[in-house]
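*Asks:* Give me the fold of what follows.
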Amino acid sequence: STTTAAMSTTQMKPMLAKLLQKGANARRVKYPDPFPIWKIVRGDKVQVISGKEKGKQGTIVKVYRKEQKVLIQSLNLVKKHVSARGPNQPGSIITKEAPIHVSNVSLVDPVQGVPTKVKWAFLEDGTKVRISKKSGAIVPKPEILLKRRHERPVGTLDKDTAPDVAQRVTVSQRDAALHEALKRLTINGDKIPAPTTKQ
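*Replies:* Numbering: from 1, shown residues only. Modelled structure (predicted):
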């Protein structure tokens, strides 16, 4: 009976491993994004339609598409304890915005100033725009999207190549001779016609 019990335990181990593997794979399932095309972007004016901040309006500061949440300026404030980082930076309690799920906010109609749903439409020139279902007005994209988050540096930097170095000839005599030989062979990068076969 001991041998039979040992054999049954040995046979159960592969089955148990398969079940555990199935459970691990089930936990790794990636569900599709319910908002594949976002109609709310950074800089939009929205109104909270659910939760403790219901009825309040604000501007979106940041969009978390992976978490399907948005950060609204001066709304959904929470207190956070910050630990001390040294003698000059003691611990404190700060107030900051917390993200809100995108399903709890709605775009504000630019004409009526009330929450509205939007739909996509195309203008005569082919531009894709958002149309308010309340008033039928176009919801323009915020101007902040046209600006760069980090401005490019302007001016002469240490990494810029000096003009005399940029105009310096760096082709060796061997490469120059090879280039001239290729020119004489009319191999200048143009498409060479395929050879014709006699029938």
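
*Asks:* Report the residue spans of this structure with pLDDT below the cut-off.
*Replies:* Across the chain, the ranges flagged by pLDDT under 70 are 1-36, 148-149, 152-159, 186-199.

*Asks:* swap the cut-off to 50 and go again
*Replies:* Across the chain, the ranges flagged by pLDDT under 50 are 1-7.

*Asks:* How about E97, nearest residue that isn't a chain neighbour?
*Replies:* What sits nearest to E97 in space, not counting adjacent residues and going by CB to CB, 6 or more residues apart in numbering, is L71, at 5.5 Å. Just so you know, the C-beta spots here come from the backbone N, C-alpha and C atoms, and that holds for glycine as well.

*Asks:* ditto for K134
*Replies:* Of all residues not flanking K134 in the chain, T116 sits nearest, at 3.9 Å (CB to CB, 6+ apart).

*Asks:* residues touching E67, list them.
*Replies:* Residues near E67 by CB atoms under 8 Å, 6 or more residues apart in numbering: P99.

*Asks:* separation between it and V102?
*Replies:* Relative to V102, E67 is positioned 9 Å away (CB to CB, to the nearest Å).

*Asks:* What of V118?
*Replies:* On the measure of CB to CB, V118 and V102 end up 13 Å apart.

*Asks:* my guess is the residue nearest to K134 meets P110, correct?
*Replies:* No: in terms of CB atoms under 8 Å, T116 does not count as a neighbour of P110; the distance is 9.2 Å.

*Asks:* So which residues of the protein form helices?
*Replies:* Counting by DSSP state H, the segments of the chain that form helices are 2-27, 163-166, 173-184.

*Asks:* So what's the residue count around the residue nearest to P115 when sequence neighbours are not counted?
*Replies:* Nearest non-adjacent residue to P115, counting by CB to CB, 6+ apart: S106, 3.7 Å away. When neighbours are counted by other CB atoms under 10 Å, S106 registers 20.

*Asks:* Who does S106 form a beta bridge with?
*Replies:* Using DSSP bridges, the bridge partners assigned to S106 are Q47.

*Asks:* Over to V139?
*Replies:* Beta-bridge partners recorded for V139 (DSSP bridges): R130.

*Asks:* wait, isn't it in contact with V118?
*Replies:* Yes: applying CB under 8 Å, one finds V139 in contact with V118, separated by 5.7 Å.
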